[in-house]
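[1] structure of the sequence below:
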Amino acid sequence: MNSRIKIGGMLVFLVLVAAGVISERLPLFTIVTYLSVSIITFIAYARDKSAARDGRWRTKESTLQLLALCGGWPGAIIAQQSLRHKSQKLSFRIGLWCMIALNSAGFIWLISPQGQAFTPIF
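    I've put the predicted structure just below:
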(Lines give C-alpha, C1' and ligand atoms only; values in the text may rest on other atoms or scores of the structure.)
Protein backbone atom coordinates (compact mmCIF):
# COMPACT_ATOMS: atom_id res chain seq x y z
CA MET A 1 0.00 0.00 0.00
CA ASN A 2 1.23 3.47 -0.86
CA SER A 3 2.78 5.30 2.11
CA ARG A 4 0.78 8.45 1.37
CA ILE A 5 -2.45 6.47 1.63
CA LYS A 6 -1.34 4.94 4.94
CA ILE A 7 -0.34 8.27 6.44
CA GLY A 8 -3.42 9.99 5.01
CA GLY A 9 -5.79 7.37 6.42
CA MET A 10 -4.12 7.59 9.81
CA LEU A 11 -4.38 11.38 9.83
CA VAL A 12 -8.05 11.26 8.82
CA PHE A 13 -8.73 8.87 11.69
CA LEU A 14 -6.94 11.09 14.22
CA VAL A 15 -8.73 14.19 12.92
CA LEU A 16 -12.09 12.40 13.30
CA VAL A 17 -11.19 11.36 16.85
CA ALA A 18 -10.11 14.94 17.65
CA ALA A 19 -13.36 16.25 16.17
CA GLY A 20 -15.28 13.82 18.34
CA VAL A 21 -13.46 15.12 21.41
CA ILE A 22 -13.95 18.77 20.45
CA SER A 23 -17.67 18.19 19.83
CA GLU A 24 -17.84 16.38 23.19
CA ARG A 25 -19.04 13.15 21.61
CA LEU A 26 -15.84 11.43 22.80
CA PRO A 27 -14.03 11.89 26.10
CA LEU A 28 -10.66 13.65 26.05
CA PHE A 29 -8.84 10.50 27.11
CA THR A 30 -9.64 8.97 23.69
CA ILE A 31 -7.27 11.24 21.75
CA VAL A 32 -4.80 11.33 24.64
CA THR A 33 -4.68 7.53 24.63
CA TYR A 34 -4.15 7.25 20.88
CA LEU A 35 -1.42 9.90 20.91
CA SER A 36 0.33 8.55 24.02
CA VAL A 37 0.32 4.91 22.92
CA SER A 38 1.41 5.99 19.43
CA ILE A 39 4.44 7.81 20.87
CA ILE A 40 5.31 4.76 22.97
CA THR A 41 4.92 2.54 19.91
CA PHE A 42 7.13 4.78 17.78
CA ILE A 43 9.81 4.69 20.48
CA ALA A 44 9.54 0.89 20.66
CA TYR A 45 10.07 0.65 16.90
CA ALA A 46 13.04 3.03 17.08
CA ARG A 47 14.64 1.07 19.91
CA ASP A 48 14.08 -2.20 18.06
CA LYS A 49 15.65 -0.80 14.90
CA SER A 50 18.66 0.39 16.90
CA ALA A 51 18.96 -3.00 18.60
CA ALA A 52 18.79 -4.74 15.23
CA ARG A 53 21.63 -2.61 13.89
CA ASP A 54 23.78 -3.14 16.99
CA GLY A 55 23.06 -6.84 17.46
CA ARG A 56 21.37 -6.26 20.83
CA TRP A 57 18.23 -7.79 22.36
CA ARG A 58 15.19 -7.14 20.16
CA THR A 59 11.62 -6.27 21.01
CA LYS A 60 9.26 -9.18 20.36
CA GLU A 61 7.07 -8.70 17.31
CA SER A 62 4.09 -9.66 19.46
CA THR A 63 4.87 -6.70 21.73
CA LEU A 64 4.89 -4.32 18.77
CA GLN A 65 1.61 -5.80 17.54
CA LEU A 66 0.04 -5.52 21.00
CA LEU A 67 1.00 -1.84 21.16
CA ALA A 68 -0.69 -1.33 17.77
CA LEU A 69 -3.82 -3.13 19.00
CA CYS A 70 -3.96 -0.90 22.09
CA GLY A 71 -4.14 2.22 19.93
CA GLY A 72 -0.53 2.73 18.95
CA TRP A 73 -1.08 1.85 15.31
CA PRO A 74 -0.70 5.47 14.13
CA GLY A 75 2.76 5.49 15.71
CA ALA A 76 3.51 2.12 14.11
CA ILE A 77 2.62 3.41 10.66
CA ILE A 78 4.75 6.52 11.12
CA ALA A 79 7.65 4.41 12.41
CA GLN A 80 7.43 1.99 9.50
CA GLN A 81 7.48 4.84 7.01
CA SER A 82 10.05 7.13 8.63
CA LEU A 83 12.40 4.53 10.14
CA ARG A 84 11.95 1.93 7.41
CA HIS A 85 11.55 -0.68 10.13
CA LYS A 86 9.27 -3.71 9.98
CA SER A 87 8.08 -2.54 6.59
CA GLN A 88 9.31 -5.46 4.46
CA LYS A 89 8.28 -8.57 6.39
CA LEU A 90 4.91 -9.55 4.92
CA SER A 91 3.71 -11.59 7.90
CA PHE A 92 4.38 -8.65 10.24
CA ARG A 93 2.61 -6.20 7.92
CA ILE A 94 -0.43 -8.48 7.70
CA GLY A 95 -0.45 -8.79 11.48
CA LEU A 96 -0.24 -5.02 11.86
CA TRP A 97 -3.22 -4.48 9.55
CA CYS A 98 -5.16 -7.09 11.53
CA MET A 99 -4.37 -5.12 14.71
CA ILE A 100 -5.48 -1.90 13.02
CA ALA A 101 -8.73 -3.56 11.93
CA LEU A 102 -9.39 -4.97 15.41
CA ASN A 103 -8.62 -1.65 17.11
CA SER A 104 -10.82 0.22 14.63
CA ALA A 105 -13.66 -2.28 15.08
CA GLY A 106 -13.41 -1.87 18.85
CA PHE A 107 -13.39 1.90 18.50
CA ILE A 108 -16.44 1.84 16.22
CA TRP A 109 -18.26 -0.43 18.67
CA LEU A 110 -17.39 1.87 21.60
CA ILE A 111 -18.88 4.90 19.84
CA SER A 112 -21.98 2.95 18.75
CA PRO A 113 -25.17 3.11 20.85
CA GLN A 114 -24.49 -0.45 22.08
CA GLY A 115 -20.94 0.42 23.10
CA GLN A 116 -22.00 3.64 24.76
CA ALA A 117 -24.64 1.76 26.76
CA PHE A 118 -21.94 -0.71 27.84
CA THR A 119 -19.42 1.94 28.89
CA PRO A 120 -20.52 4.67 31.29
CA ILE A 121 -17.65 6.94 30.19
CA PHE A 122 -19.36 8.16 27.03
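[2] got the phi/psi numbers for the residue nearest the centre of the chain?
    Centroid-nearest residue in the chain: residue 73, 1.4 Å away (criterion: C-alpha atoms, centre = their mean). The phi and psi values for residue 73, taken as degrees, to the nearest 10, are phi -60, psi -30.
[3] pLDDT value on it, please?
    According to the predicted model, the pLDDT of residue 73 comes to 96.
[4] now the residue nearest to it when sequence neighbours are not counted: which helix or strand?
    Closest residue to residue 73 apart from its sequence neighbours, by C-beta to C-beta, 6 or more residues apart in numbering: residue 100 at 4.7 Å. Quick note: C-beta positions are derived from backbone N, CA and C, even for glycine. For residue 100, the host element (DSSP states H and E) is helix 90-111.
[5] not counting its own residues, what contacts that helix?
    Residues external to helix 90-111 that are found in contact with it (C-beta atoms under 8 Å, 6 or more residues apart in numbering): 13, 20, 25-26, 61, 64-66, 68-71, 73, 76, 80, 86-87, 115-116, 119, 122.
[6] quick check: residue 105 vs residue 28, distance?
    Distance, residue 105 to residue 28, by C-beta to C-beta, to the nearest Å: 22 Å.
[7] the helix or strand encompassing residue 8: how far from the chain's middle?
    Using DSSP H and E, residue 8 falls within helix 3-22. Put simply, helix 3-22 sits 11 Å off its chain's centre (C-alpha atoms, centre = their mean, to the nearest Å).
[8] ok, and for that helix, which residues are buried?
    Neighbour counts over helix 3-22 (16 or more other C-beta atoms under 10 Å) mark 6, 10, 13, 17, 21 as buried.
[9] and what of stretch 53-63?
    Residues of stretch 53-63 classed as buried by neighbour count (16+ other C-beta under 10 Å): residue 59.
[10] chain center to stretch 102-115: distance?
    15 Å.
[11] now that stretch: mean pLDDT?
    88.
[12] farthest-separated two in the buried residues of helix 3-22?
    Across these, the longest distance by C-beta to C-beta is 23.1 Å; it joins 6 and 21.
[13] low-confidence ranges, this protein, go.
    For the chain, the stretches flagged by pLDDT under 70 are 1, 119-122.
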